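Asker: What would the 3D arrangement of this be:
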Amino acid sequence: MTTTTTYGQVGVREDLSDAIYNIAPTDVPYTTSIQKGKKAQNRVIEWQTDTLAAADGSIAVLEGASATDRTFTATVRLKNHQQIMDRAIIISDSADAVNAAGRDTETGLQVMKRTKELKRHQENRLAGNWPSDDGSAATARQCAGFEAWITTNDSRKGSTASTQGGYNSGTGQVAAATDGSSTRTFTETLLKGRIKACWDEGGEDSIIMLGSFSKQELSAFSGVATKYNIVDKSTGSNAIIGAVDLYASDFGVKKAVPNRFVGGRSGGNSPRSVLGIDPKMISMHSLQPFTVEPLARVGHANRKLLKMEFSQAMRNEKAHWIIADVRVS
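Answerer: Numbers count the residues shown, from 1 in each chain. Below is the predicted model of the structure:
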């Protein structure tokens with residue numbers, strides 16, 4: 001007598017889980033940290049920066065003297081450009097009609113995925129080393145990213161260092177910085193130097209944003225890498241703390257925030273910079289907030305366009321700092 005097994009059995013239903021597992025990250029700490037400014041009214045956003053005269057304790061005026069005119073420094077007018085990003089989808093009516101595992105409709109799944117992708121693209125742009133460009137009828141406009149703006153409190157590597165980008169008042173454009181030909185170790189000395197430089201300029205940075213490798217280097221700094229044994233009295237469990245989420249500097253406590261998308265630049269997206277951010281001194285302004293719009297049908301297919309148009313105002317680049325050309329592995 002032969003035993004019947006599933007290997008020869010006909011008609012066994014498939015056991016396909018009604019779920020789709022996707023671990024691609026979608027957290028966007030830079031975009032969620034900065035200020036949300038008022039709605040843009042034009043393809044260019046503009047703002048002004050100002051400063052005070054240097055402190056001078058030698059000033060002394062004779063009693064009864066006539067008032068003396070003092071020279072003053074004019075404000076600086078800056079601008080950035082709105083950038084359009086989009087994703088289009090086209091789904092056949094049949095693809096939406098079939099009973100597919102893990103989604104109600106294929107259109108719904110694709111809208112969700114493309115929405116998350118656009119958030120990642122926007123984060124990479126805003127936090128990265130990207131230039132600005134006002135564009136034309138034949139060239140897409142570009143929004144300058146965080147790294148490209150920073151010129152006052154930057155640290156770059158040696159004789160083969162990267163060169164600064166920054167705002168050009170003549171052209172009204174922001175140039176991307178040029179990466180150095182090699183990288184270096186992210187050290188506590190470098191970090192202290194940039195925090196001090198920023199404070200000397202009047203900055204009040206509160207966030208250290210960095211890639212995964214630099215985050216682990218930060219956790220290993222001698223001043224903060226002590227391992228603590230934490231006892232949870234409610235459960236009796238212990239935990240060894242080997243990471244740093246807050247860095248207590250001479251000029252205030254800074255929050256260390258890892259970012260998977262920091263380091264966006266032409267030619268690659270490796271997180272080879274550590275950013276010091278004062279989120280009050282950056283704001284995002286949208287000319288077209290994120291929307292999902294229907295497109296004209298093509299026969300037996302449903303089409304949709306996901307789009308947004310945004311820019312950011314670097315309210316004062318002296319409020320921030322950057323350590324460029326650090327190792328990524």
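Asker: Just give me the neighbour total for Ala138.
Answerer: Using other C-beta atoms under 10 Å, Ala138 has 5 other residues around it. All C-beta atoms are positioned from the backbone trio N, CA, C, and that covers glycine.
Asker: which phi and psi does Lys196 have?
Answerer: As for Lys196, its main-chain torsions (degrees, to the nearest 10) stand at phi -60, psi -50.
Asker: where's it relative to Thr3, distance?
Answerer: Computed with C-beta to C-beta, to the nearest Å, the distance linking Lys196 and Thr3 is 79 Å.
Asker: quick one, which of those two is more surrounded?
Answerer: Of the pair Lys196 and Thr3, Lys196 is the one with more neighbours under other C-beta under 10 Å, namely 15 against 5.
Asker: Which residues lie in contact with the more buried one in this structure?
Answerer: The neighbourhood of Lys196, defined by C-beta atoms under 8 Å, 6 or more residues apart in numbering, consists of 250-251.
Asker: Over to Asn153?
Answerer: For Asn153, the residues meeting the contact criterion (C-beta under 8 Å, 6+ apart) are 194, 197-198, 201, 203, 276, 318, 320-322.
Asker: Can you tell me which of the residues you listed end up in strands?
Answerer: Judged by DSSP state E, strands contain the following of the contacts of Asn153: 276, 321-322.
Asker: Out of these, which is nearest to Pro258?
Answerer: When the ones in strands among the contacts of Asn153 are compared for distance to Pro258, the smallest value, 14.6 Å, is given by Gly276; criterion: C-beta to C-beta.
Asker: so the closest one touches Ala256, yeah?
Answerer: No: at 10.8 Å, Gly276 and Ala256 do not qualify as touching, with contact defined as C-beta atoms under 8 Å.
Asker: Please enumerate the shared neighbours of those two.
Answerer: Residues touching both Gly276 and Ala256 (C-beta under 8 Å, 6+ apart): Ile208.
Asker: And the pLDDT for Val61?
Answerer: Residue-level confidence at Val61 comes out at 89, pLDDT.
Asker: Can you get me a residue count around the closest residue to it other than its chain neighbours?
Answerer: Of all residues not flanking Val61 in the chain, Thr68 sits nearest, at 8.0 Å (C-beta to C-beta, 6 or more residues apart in numbering). Using other C-beta under 10 Å, Thr68 has 6 other residues around it.
Asker: got a list of what Arg120 touches?
Answerer: Arg120 is in contact with 25-26, 28, 261, counting by C-beta under 8 Å, 6+ apart.
Asker: Quick check: it is in a helix.
Answerer: Yes: note on Arg120: a helix contains this position according to DSSP: H, G, I helix; E, B strand; the rest coil.
Asker: For Ser214, see how far away it is.
Answerer: In this view, Arg120 and Ser214 are 20 Å apart by C-beta to C-beta.
Asker: do Val98 as well
Answerer: Between Val98 and Ser214 the distance is 46 Å, computed by C-beta to C-beta.
Asker: Which one of these two is surrounded by more residues?
Answerer: More neighbours surround Ser214 than the other of Val98 and Ser214, with 27 against 9 (other C-beta under 10 Å).
Asker: Secondary structure class of that one, three-state.
Answerer: With three-state DSSP as the basis, Ser214 sits in helix.
Asker: just Ala256 next, same as before
Answerer: The three-state label for Ala256, taken from three-state DSSP, comes out as strand.
Asker: what bridges to the residue nearest to it when sequence neighbours are not counted?
Answerer: Once its chain neighbours are removed from consideration, Ala256 has its nearest residue in Ile208; the separation is 4.8 Å (C-beta to C-beta, 6+ apart). Residues in a beta bridge with Ile208, per DSSP bridges, are Ala256, Gly276.
Asker: Retrieve the pLDDT associated with Ile208.
Answerer: 96.
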